[in-house]
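J.: Predicted structure and sequence below. I'll ask about it afterward.
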Amino acid sequence: MTIGHLPALQVVIPLLAAPVCFLLGRWPRLAWLLASAVAWTTLVIAIGLWLQVREGGTISYAFGGWAPPWGIEYAVDRLNVLVLLIVSGIAAVIFSGSWESVRQEIPESRQALLFTNLLLCLAGLLGITITGDAFNLFVLLEISSLSTYALISLGRDRRALTASFQYLIMGTIGATFILIGVGILYMLTGTLNMADLAHRLGGLQGSRAMHTAYGFLVIGIGLKLAMFPLHLWLPNAYAYAPSVVSAFIAATATKVAVYVMVRYLYTVFGPEFAFSAMYVQWLFIPVGIIAVLFTSIVALFQHDIKRMLAYSSVAQIGYMLVGIGLVNVTGLTGALLHVFNHALMKGALFLALAAICFRIGNPRIENIRGIARQMPWTMAAFVGGGLSLIGVPLTAGFISKWYLILAAVERGWWPVVAVVVIASLIAVIYVWRVVEAAYLHPRPEDAETVAEAPPALLAVTWALVLANVWFGVNPGLVTSLASGAAEALFGGYLP
Amino acid sequence: MTDIVFPPSLILIIGAFILPLVRGAVRRGVILALPVLALMAVWSLPVGTQVAIEFLDYRIAPVHATASGRLFAIIFCLMAFAGGVYAMGRARLTELVAAYVYAGSAVGVTFSGDLITLFVFWEIMALGSTLVIWAGGGERAWKASFRYLLIHLLGGVILMAGIVWRVSMTGTADFGPMLPDNPANILILIGFLVNAGAPPLSAWIPDAYPEASPSGMVFLSAFTTKTAVFALLVGFPGAEVLIWIGLYMVFYGIIYALLENDMRRILAYSIVNQVGFMVCAIGIGTELALNGAAAHAFAHIIYKALLLMSAGSVLYMTGKRKCTDLGGLFQSMPVTAINGIVGALAISAFPFTSGFVSKSLETAAAADQGLMLVWFLLMAASAGVFLHAGIKFPWFVFFQKDSGLRPDDPPLGMRLSMWFFSFLCIAIGLYPDSLYSILPFETEYQPYTAGHLVSQSQLLLFSGFAFFALLPMMKRSLTISLDFDWFYRRFGRILADEFTIRSSHALERMERQARMRVEGFVRRLYRHHGPHGILARTWPSGGMVLWVTVMLAGMVIAAAVL
């Protein structure tokens, strides 16, 4: 009975828990406990869904008993179960460890508000991932976006407000574009169900209106996933948001947007239209390469470690775009793996940073000099996440980069291989700057001595670091899911 | 094989992290026990043992016992043991842990059955060795370790690119003989050669190693270059280009060692020189030559470590590293001096030392193949080795003038490890069959023939004579032109030397220019990408909306046109 309703529960539970969380406003600790419990529940549900589809099946859930083309359908396959797992998993880990950090950074009256918004955002992200309905996706996208704007504006720095406002403008433009695209598609086909859309669009090849819809959707989603050069909202949003919020949205929000892009390109429009008629790879490859190289270099020169990681995120999204743009199964597998692995590594890094912020406040590079002696576990976790970011073998980061390199080699595109390698080298340098400051410089005389971060925060950070290692040593679980999804998405299409 | 095979490399790597947890006598016990356990594990794995696992569609073999791998693993364990004894109680904890991780990963390389495992250990080695240098302490060590790390990361990236290319081409990651006839294999070869100290990057050895602590350099001298020799031995036997690369290294080492004043830098250049012999032998590629390279590596690790222990003891007791500040220490440091001389005799291949029985395999291989020029150059270089390492080091440090220093012999651990390696140097010289029996190939070679003894003694005698005859020149400020003349008269090898010296000057100039260009480039980058650069401004909503419009228009127009 319940098993059958798992797809609905995946979204409904966090959505309904959010107002309850708000009602707990006077007892923020309870709000935190509730949010964490809900996040763990969503993870359990995601695992339950994964068990059902991992062999290649799909689940179709009709909301309210309305049959799919008319009612809203929730469809689960291997592609979105991968994203569901990582989003709910990251949420569960980050929410549970967030209490100390939130209590320090947010005034007490707003703590419950923060958890409410986190739950709404989680519900939105999970909903975007699981839904099979184009308009429902837009609605859930708005839910997650609006809650993210609110979350960012809770940051301690006053610039958080401007950052949030800027993100709001850009996010709204993106959402509007998506809405326009979906509207045109609806006008053309009279349906909003993705599977049905795909079926009906097959007969409309060559329609100008469909091309336009496609353009609006790619650019709109491109804004949400911070595709270069539409990424400028991201560094400020990540840098000024509360630490745990940075960790959560950095690890999940853009990944879900990448998923949406893949879903539209492959499932709705179909790879043949996307790649053979619209040549979207000639947008993704150059944009991806420029993102990888240039934002890595920008990251190199940042003084604020949060901003540095934010720019590195844009670069990592470049990898995913390149993986999609390579138009082969290995490339798409690499991109999907990178969605998963990047969530793990950025989650770990941002949590380690949250621990540092917890003790020293402003995470500028000159402020963390010599901190490794006083916070050895935190810094070790940062190094672990950094190694994965660089792509050192035996970490998760290596696996996805390996697939991306293989895919480029398969296509014979050596410059792309070179780009991946060079960007990894740049990553070595910017991670090294932090390591150097923390480990090799003495603590300045006037700096106060700090203690190790609180155990709960440390525990979740290390959970993610160990996950990086675990999925680096045992990649089979995720690679089989990603390559299965990639093969299914390509269907019979080969360029 | 049903019983569990425990990789010997992991004994050292994991064991290293026990060290910080224990102290006092227990720590000393662990330091001694780890290499012994690892050695026993190496010994207990019969040749041919293989453990293979599947990883990302490739069969990888983290434990693959081969004859040549075992030989290197044995000497690496012995080296870790002696180094541990030498360092015990004096080296910083960081250095010991790093050194054992470093040694363990070197052992790991020798047991790699595939390129992926090899690469993983290769990189751990680079990190471990960097930490060993860094543990030397002080600004110079820190800077040197950074330069060292950059070079090794560069080598690692080249190696990885080659491995990826090769794996995607052949579909297997197995590590076996390759030919440098396609770009992938050439990249792998370059990756190996960077670690071997081949031109044009030979300078990292004398640049970085002498900045480590006395015990640190003993560790460093053994592992990185010799694992590279091992990798070349397995991967590129008989690649002809290696002959010439090896010869270049041989003479590069000699020339710069003769010009050098810092005793440990002399020995560092001598590492390049000695590895050159091995690389050259691998290039010759016959069974005899490969045996020679392996045997020479084995013997070299022992006597070079012995020389460095001796130099390290002097440094430890006096705090001085320049030949011009030292001298006459034989009186007060007899043990150090005697052991240093044993090492010097061995490196010069005196009869009845390990150098004699190992290096002669290589020259004999050149002769067997009828490589007249190569043979001649190797013989000439042997004389050069005697000059720069065999006589120059002990003479200037222990004899020569009286520097007025009266330091005592070093503490017991240092003395014991020196005696241990001296013993091995002579034991191998007297009983060469013990070494020959573990070589990769069967050998019938007999080093102690009358002809060989006579020719080697002549060589040594005359170069010794030359050293003392030219002593006044050696003592003065040694300029490059003097060195140039000296070689001109002594060997008539004008062309080769001119090339060496000119090219090193040209390289230096190029390096300077390159550095200036890079600095300018970074400044420009910072202008554009720094926090205030045009590409990193983060508040222009309007600009971004413009981008959105441009991209949308582009897509729609493109769709209309296509």
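T.: Noted; the coordinates are in hand.
J.: to the chain's geometric centre, what's the distance from the helix or strand hosting B:Ala365?
T.: If you go by DSSP states H and E, B:Ala365 is part of helix B:354-368. In terms of Cα atoms, centre = their mean, to the nearest Å, the centre of helix B:354-368 is found 20 Å from the chain centre.
J.: counting contacts, what elements does that helix pack onto?
T.: Judged by 3 or more Cβ pairs under 8 Å, 6 or more residues apart in numbering or on different chains; DSSP states H and E, the packing partners of helix B:354-368 are helix B:263-284, helix B:287-318, helix B:334-347, helix B:372-385, helix B:412-430, helix B:432-436, helix B:450-469. C-betas here are computed from N, CA, C, even on glycine.
J.: What residues sit buried inside it?
T.: B:354-367 (16 or more other Cβ atoms under 10 Å in any protein chain shown).
J.: Would you map the helices across the stretch 1-150 of chain A?
T.: With DSSP state H, counting those that start in this stretch as the criterion, the stretch 1-150 of chain A has helices at A:6-23, A:28-53, A:78-97, A:99-105, A:108-130, A:134-153.
J.: what residues are up against A:Ala195?
T.: A:Ala195 is in contact with A:Pro68, A:Glu73, A:Ala75, A:Gly132, A:Thr267, counting by Cβ atoms under 8 Å, 6 or more residues apart in numbering or on different chains.
J.: Burial check on the fourth one, number of neighbours?
T.: Other residues within reach of A:Gly132, judged by other Cβ atoms under 10 Å in any protein chain shown, total 28.
J.: Am I right that it is in contact with A:Pro68?
T.: Yes. Taking contacts as Cβ atoms under 8 Å, A:Gly132 lies within contact range of A:Pro68: 7.4 Å.
J.: Overlap in contacts, these two.
T.: In contact with both A:Gly132 and A:Pro68: A:Ser60, A:Asn193, A:Ala195, using Cβ under 8 Å, 6+ apart.
J.: Past whichever strand or helix holds B:Phe81, which element shows up next along the chain?
T.: Using DSSP H and E, B:Phe81 sits in helix B:67-87. Next along the chain after helix B:67-87, taking DSSP H and E as the criterion, comes helix B:93-110.
J.: right, is that following helix up against chain A?
T.: No. Remark: helix B:93-110 sits outside contact range of chain A, by Cβ under 8 Å from any Cβ of the partner chain, the gap being at least 10.8 Å.
J.: Where does pLDDT dip in the chain?
T.: Looking at chain A here, since you left the chain open. Low-confidence segments of chain A, defined by pLDDT under 70: A:1-2, A:494-495.
J.: You answered for a different chain; I wanted chain B.
T.: B:1-5, B:56, B:473-507, B:528-540, B:562.
J.: how about a cut-off of 50?
T.: Applying pLDDT under 50 to chain B flags the ranges B:1-3, B:476-493.
J.: got the domain boundaries for it?
T.: Taking automatic domain parsing as the criterion, chain B consists of the domains B:1-169, B:236-492, B:508-561.
J.: which residue sits closest to the residue nearest the centre of chain B, ignoring its sequence neighbours?
T.: Central residue of chain B (Cα atoms, centre = their mean): B:Thr225, 2.4 Å from the mean position. In space, B:Thr225 comes closest to B:Val275 once its chain neighbours are excluded; the distance is 4.9 Å by Cβ to Cβ, 6 or more residues apart in numbering or on different chains.
J.: likewise B:Ala87?
T.: B:Ser215 (3.5 Å).
J.: ok, now which ones touch that neighbour?
T.: B:Gly83, B:Tyr86, B:Ala87, B:Arg90, B:Ala91, B:Glu95, B:Ala99, B:Gly312.
J.: CA atoms only for the helix or strand that contains it - export them in CSV, please.
T.: Taking DSSP H and E as the definition, B:Ser215 sits inside helix B:214-235. What follows is helix B:214-235, C-alpha atoms only, in CSV (Å, rounded to 0.1, in the frame of the first residue of the first chain):
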residue,chain,number,x,y,z
PRO,B,214,70.6,14.3,7.0
SER,B,215,68.4,11.3,7.3
GLY,B,216,65.8,12.6,4.9
MET,B,217,68.3,12.7,2.1
VAL,B,218,69.3,9.1,2.8
PHE,B,219,65.7,8.0,2.2
LEU,B,220,65.3,10.3,-0.8
SER,B,221,68.4,9.0,-2.6
ALA,B,222,67.0,5.5,-2.7
PHE,B,223,63.4,5.4,-3.9
THR,B,224,62.2,7.9,-6.5
THR,B,225,64.9,7.4,-9.1
LYS,B,226,65.2,3.7,-8.5
THR,B,227,61.5,3.1,-8.9
ALA,B,228,61.8,5.0,-12.2
VAL,B,229,64.6,2.7,-13.1
PHE,B,230,62.4,-0.3,-12.3
ALA,B,231,59.5,1.1,-14.3
LEU,B,232,61.8,1.7,-17.3
LEU,B,233,63.3,-1.8,-16.9
VAL,B,234,59.8,-3.4,-17.1
GLY,B,235,58.3,-1.0,-19.5
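J.: What helices and strands are in contact with the helix or strand just after it?
T.: Moving toward the C-terminus from helix B:214-235, the next helix or strand (DSSP H and E) is helix B:241-259. Judged by 3+ Cβ pairs under 8 Å, 6+ apart, the packing partners of helix B:241-259 are helix B:263-284, helix B:372-385, helix B:480-491, helix B:494-529.
J.: out of everything not next to it in sequence, what's closest to the closest residue to chain A within the stretch 151-300 of chain B?
T.: In the stretch 151-300 of chain B, the residue that lies nearest chain A is B:Ser168 (4.2 Å; Cβ to the nearest Cβ). Among residues not flanking B:Ser168 along the chain, A:Val409 sits closest, at 4.2 Å (Cβ to Cβ, 6+ apart).
J.: Would you agree the one you found falls within a strand?
T.: No. Counting by DSSP: H, G, I helix; E, B strand; the rest coil, one finds A:Val409 to be helix, located in no strand.
J.: how about stretch A:181-199: buried residues?
T.: Buried residues in stretch A:181-199, counted by 16+ other Cβ under 10 Å: A:181-185, A:188-189, A:191-198.
J.: ok, the residues you listed vs chain B, which is closest?
T.: Closest approach between these and chain B, by Cβ to the nearest Cβ: A:Gly181, at 10.5 Å.
J.: Please name the residues that touch that closest one.
T.: A:Ala213, A:Tyr214, A:Gly215, A:Phe216, A:Leu217, A:Gly220.
J.: Which of those residues has the largest number of neighbours?
T.: Counting neighbours by other Cβ under 10 Å, A:Gly220 comes out on top of the contacts of A:Gly181 with 28 neighbours.
J.: and it, what is it in contact with?
T.: By Cβ under 8 Å, 6+ apart, the residues touching A:Gly220 are A:Ile173, A:Gly174, A:Ala175, A:Thr176, A:Phe177, A:Ile178, A:Leu179, A:Ile180, A:Gly181.
J.: rewinding a little: turn the helices and strands packed on helix B:354-368 into TSV, columns for distance to B:Arg523 and mean neighbour count.
T.: As requested, the helices and strands packed on helix B:354-368 are exported to TSV (distance: least, Cβ to Cβ, whole Å; neighbours: other Cβ atoms under 10 Å in any protein chain shown):
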stretch	distance to B:Arg523	mean neighbour count
helix B:263-284	33	28
helix B:287-318	40	26
helix B:334-347	47	24
helix B:372-385	44	20
helix B:412-430	48	21
helix B:432-436	56	18
helix B:450-469	50	14
